[in-house]
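>>> Need coordinates for the following:
(2 chains)
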Amino acid sequence: MNEWRSRARVALALVGAVIAAPVQAEEPKHGGVLRIYHRDSPASASILEESTFSTNIPFMSVYNNLVLYDQHKPQNSIDTIVPELAESWSLSDDKTTLTFKLRSGVKWHDGKPFTAADVECTFDLLMGKSKDKLRKNPRETWYNNVTDVTTNGGNEATFHLKRPQPSFIALLASGYSPIYPCHVSARDMRVKPIGTGPFKFVEFKQNESIKLARNPDYWKKGLPHLDGIEFTIIPNRSTAILAFIAGKFDMTFPTEVTIPLLKDIKSQAPDAICQVHPINVSTNLIVNRDVAPFDNADLRLAMAYALDRKSFIDILAEGQGDIGASMLPPPEGVWGMPPDLLAKLPGYGPDVKANRAKAREIMEKLGYGPQKRLPLKVSTRNIATYRDPAVILIDQLKDIYIDAELEPVETSVWHAKASRKDYIIGLNLTGNAVDDPDQNFYENYACGSERNFTGYCNKELDALFDKQSQETDVEARKKLVWDIEKKLVEDVARPIIMHPRQATCWRPNVKNYTVTVNSSYNNYRFEDIWLDK
Amino acid sequence: MASYLTRRLMLMAVTLFGISVIIFFLLRVVPGNIVDILFDSAGMVNPAEKVKIERELGLDKSIPVQYLAWIGGIAQGDLGYSYVSEKPAIDEIAPRIPVTAKLAAMALIFSIALGIPLGVISAVKQNSGADYALRVLSLAGLSMPAFWLGLLILMVFVARFGTIPIYTEPAKNLWDELLLYSVPAIAVGFRSSALIMRLTRSSMLEVLRQDYIRTARAKGASAQAVNYDHALRNALLPVVTIVGIEAAFLIGGLIVTETVFNIPGVARFLVEAIRTRDYPIVQNLVMFIAIVVVAVNFLVDLTYAALDPRIKYAE
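The predicted model follows:
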């Protein structure tokens, strides 16, 4: 574990070193179009309606937030939040009223002025209060604690909270929290978005390209440096990587380079700058605890003991991944459990043989054994990032008298199937946009949440979620978070297999880009990136 | 001839009607619809919201009612709206057709230009070294998967020339267009040329054994006149059939080539639309491909008569 910790620290230090050094030395140049390939065609341009960084990466630079994570600090945290459309903010004494003083003179891309009413409209839309409706609202739970948003003149907006929630501002700083204009419909925002951001939307051709052009009236004078950004949609990963190697693109799609592909890039384009980093998307298991056989808590525990997490990481990511519970582990993750505490959790001890022996012991008590094996299906989406770990899981379960069979499920029906609990065990990937317990716990583990696919519901833990959410002392909150993580592991709520790492590469002429190490969703404003051409 | 044409046109209409019914109903019995996909992309399912969107898209109506609405729309030139991009389906489909048409035409030209002469050479020089070499080449063409050949070509380009012949933006002039499509056209046309080569060879061998060829030779006709004027013209009938089939295939079957070379054509778009259950796009694109296939078959039939005056169409 010490080796793991020092490796991660070195990686984090490198992130800072690689990025910071050239920035200080060089004067930014203006002009040029940043060319990036895109891994797929996003469903729409409306960040508020989507749940994938396939939308955030190309469209985040069209918008602004009230506040944003500092785009040049590798680790997102409360301490790295900087003002954007808000000039400043203040919290009332009872910590339930959060007031933002807004920047004046900001204009939407269509020339209309930005005002506090736009902030009110955006959050009314998110809370389902407005007449216009979002077609999908995947992050409605983020705003459960908000009673309403009010304005005081054109330059002040106030969020009224039901209870104190110190990390509410962390959610507002995410790439998922842009401010939308009142005067543009939700439908138009999906196809032709209007923002206040550094780049204007030019065109989005499905399955072909997305083009953005410099906003000459951007409220940050002198920015952006680039004339535009062009995303060419190349779903075939091999073609995309070859095109990057051949110099067709200045940058890979962020977080999309797998470790084996990274070797290709390094050997064929040695000048490319590449960083391997956690993506805060965990590979995990969803277990149907309402039906046999996993309605039995002991059987769930046996399965937890059977997992050899290091093997998953070694096989799938050539060792580039991290073992952790539901929060991203440190040092990149702010809230994850320290390794010494983690190792004490069921199934997390380093002695895999001993863990498996314990698992078999439980299974034998339940009546299973070499002569009486448990047949079941492992369901997962029929795409490699889901299917590959599922195959390894099936192999590992054989050691504890479970003969599992893979059930590949077409992507179009996966979430519907998961949500109606039409599975015994499912292998799933869960991305966390914000490295904050509120986002993760309320979204994935709280009773009744739409994205809580397992239907895990523990009122005691729900109360603990609220308790940690209100805690203002960071160290005290961390301890609460770790207690919750421990309980989630013991309850086998959603066993986390691994937190994989992937890479982002760019050409040396791309300057001032910083990779975020604990989120894949928040770092694409691109306003002060420049090309040394 | 006139009554033959009328009958063929009526048959084409019935075929297209049948295809429209099959496609429409098949699409709707496949599990999952656009609303499932929309929610899948958001990683959530909200039954109440789903019902609302289904109503908004008209998916709550019965299948026959939806079918009639679609056919009625086509009759009025309205192909409906893409569920994904929320743009008129015609605006999504129309720009992609020329892209695929150009690629298919170049691939077809390449395959004919390569396949027929090499097939003739192979037949005329039967069992020679050249024949064996060409037969190996044609077998290689048939055996190599298009994606493998395509990726291999891309790798060679990157390693040897430091560039990659893929589509990243529309060509600015004819020369750019030729450069853009020639490499994928060769990749995809290689397989077709191998097929045409083999068929030309076997057809030529059969014709070269006919009595009239012997007669032509006995009358002192030159080898070139025998091979090209007498034999090839008659040997071309099955080749024309296969060229017709390949032409139809190239319109809708270029999925692998379009994916590897990142060409925003019809086939790749169709697969993506099927994945997202974008019914208006899938239905209209499949109908377009069906029309092309039926029309090409019709043209092939007409070409028979032009090639062989003995062929007469029953009145």
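>>> Residue A:228 contacts residue A:211, correct?
Yes - contact between residue A:228 and residue A:211 holds when scored by CB atoms under 8 Å: they sit 6.6 Å apart. Every C-beta, even on glycine, is put in place using the N, C-alpha and C of the backbone.
>>> Find residues that contact each of these two.
Jointly contacting residue A:228 and residue A:211 under the rule CB atoms under 8 Å, 6 or more residues apart in numbering or on different chains are residue A:202.
>>> partners of the host helix or strand of residue A:275, with directions?
Counting by DSSP states H and E, the element that carries residue A:275 is strand A:273-278. With DSSP bridges as the test, strand A:273-278 is paired with strand A:496-506 (antiparallel).
>>> Beyond the strand it pairs with, next helix or strand please.
Following strand A:496-506 toward the C-terminus (DSSP H and E): strand A:510-511.
>>> Counting by contacts, list what whichever helix or strand comes after that following strand packs against.
Moving toward the C-terminus from strand A:510-511, the next helix or strand (DSSP H and E) is strand A:530-531. In terms of contacts (3 or more CB pairs under 8 Å, 6 or more residues apart in numbering or on different chains; DSSP states H and E), strand A:530-531 is packed against strand A:510-511.
>>> Low-confidence ranges, the chain, go.
With no chain named, the answer covers chain A. Counting by pLDDT under 70, the low-confidence segments of chain A come to A:1-25, A:412.
>>> Correction: the question concerned chain B.
In chain B (pLDDT under 70), the answer is B:1, B:40-46, B:312-315.
>>> looking at this, residue B:52 is in a helix?
Yes - counting by DSSP: H, G, I helix; E, B strand; the rest coil, residue B:52 is located in a helix.
>>> okay, now the residue nearest to residue B:25 when sequence neighbours are not counted: neighbour count?
Of all residues beyond its chain neighbours, the one nearest residue B:25 is residue B:63 (6.5 Å), with distances taken as CB to CB, 6 or more residues apart in numbering or on different chains. Residue B:63 has 13 neighbouring residues, counting by other CB atoms under 10 Å in any protein chain shown.
>>> Test my guess that residue B:63 contacts residue B:26.
No - shown here, residue B:63 and residue B:26 do not form a contact pair, counting by CB under 8 Å, at 11.0 Å.
>>> And for the closest residue to residue A:287 other than its chain neighbours, the neighbour number?
Distances taken as CB to CB, 6+ apart put residue A:294 closest to residue A:287, at 5.0 Å, once the chain neighbours are dropped. Applying other CB under 10 Å, we find 18 residues neighbouring residue A:294.
>>> Same check on residue B:235?
Neighbours around residue B:235, by other CB under 10 Å: 25.
>>> And residue A:297, by the same measure?
12.
>>> Check the offset of the host helix or strand of residue A:118 from the chain's centre.
Assigning secondary structure by DSSP H and E places residue A:118 in helix A:116-126. Put simply, helix A:116-126 sits 24 Å off its chain's centre (CA atoms, centre = their mean, to the nearest Å).
>>> Stretch A:161-181 too?
Distance, stretch centre to chain centre, for stretch A:161-181: 15 Å (CA atoms, centre = their mean).
>>> Is that stretch in proximity to chain B?
No - figure legend: stretch A:161-181 not in contact with chain B (CB under 8 Å from any CB of the partner chain); closest approach 11.4 Å.
>>> Pull out the buried positions in that stretch.
Residues of stretch A:161-181 classed as buried: A:161, A:164-181 (neighbour count, 16 or more other CB atoms under 10 Å in any protein chain shown).
>>> Next to chain A, which bits of the stretch 101-250 of chain B? Give me the list.
Residues of the stretch 101-250 of chain B lying near chain A (CB under 8 Å from any CB): B:151, B:154, B:155, B:157, B:158, B:159, B:162, B:163, B:164, B:166, B:168, B:169.
>>> are any of those residues buried, and which?
For those, buried by 16+ other CB under 10 Å: B:151, B:154, B:155, B:157, B:158, B:164, B:166, B:168.
>>> Give the helix, strand or coil label for the last one.
Residue B:168 carries the three-state label coil when classified by three-state DSSP.
>>> Could you pull up the residues touching it?
With CB under 8 Å, 6+ apart, residue B:168 has these contacts: A:35, A:209, A:232, A:243, A:248, B:262.
>>> Residue B:90 now?
Contacts for residue B:90 (CB under 8 Å, 6+ apart) come out as B:79, B:284.
>>> what's the helix or strand for it?
Secondary structure from DSSP H and E places residue B:90 in helix B:89-93.
>>> for the helix or strand following that helix, packing partners?
Scanning forward in sequence from helix B:89-93 by DSSP H and E, the next helix or strand is helix B:96-124. Using 3+ CB pairs under 8 Å, 6+ apart, the elements in contact with helix B:96-124 are helix B:129-143, helix B:174-208, helix B:233-252, helix B:255-260, helix B:266-275.
>>> buried residues in helix B:96-124?
The neighbour-count check on helix B:96-124 (16+ other CB under 10 Å) flags B:96-97, B:99-100, B:102-104, B:106-108, B:110-112, B:114-116, B:118-124 as buried.
>>> Over to stretch B:258-274?
Result for stretch B:258-274 [16+ other CB under 10 Å]: buried residues B:258-274.
>>> I'd like to know how far the residue of chain A most remote from its centre sits from residue A:294.
Going by CA atoms, centre = their mean, the residue of chain A most distant from its centre is residue A:371, 43.5 Å out. Going from residue A:371 to residue A:294 by CB to CB, to the nearest Å gives 22 Å.
>>> still on that earlier bit, packing partners for whichever helix or strand comes after the helix holding residue A:118?
For helix A:116-126, the following helix or strand on the C-terminal side (DSSP H and E) is strand A:146-151. Applying 3+ CB pairs under 8 Å, 6+ apart, we find strand A:146-151 packed against helix A:116-126, strand A:156-161.
>>> need these in a markdown table with distance to residue A:47, can you?
Below are these laid out as a markdown table (distance: least, CB to CB, whole Å):
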| stretch | distance to residue A:47 |
| --- | --- |
| helix A:116-126 | 11 |
| strand A:156-161 | 19 |
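>>> Nearest to residue B:180 among the ones you listed would be which one?
For residue B:180, the closest of the helices and strands packed on strand A:146-151 is helix A:116-126, at 42.6 Å, according to CB to CB.
>>> With chain B in mind, check whether that closest one reaches it.
No - Helix A:116-126 does not reach chain B (CB under 8 Å from any CB); its nearest approach is 13.4 Å.
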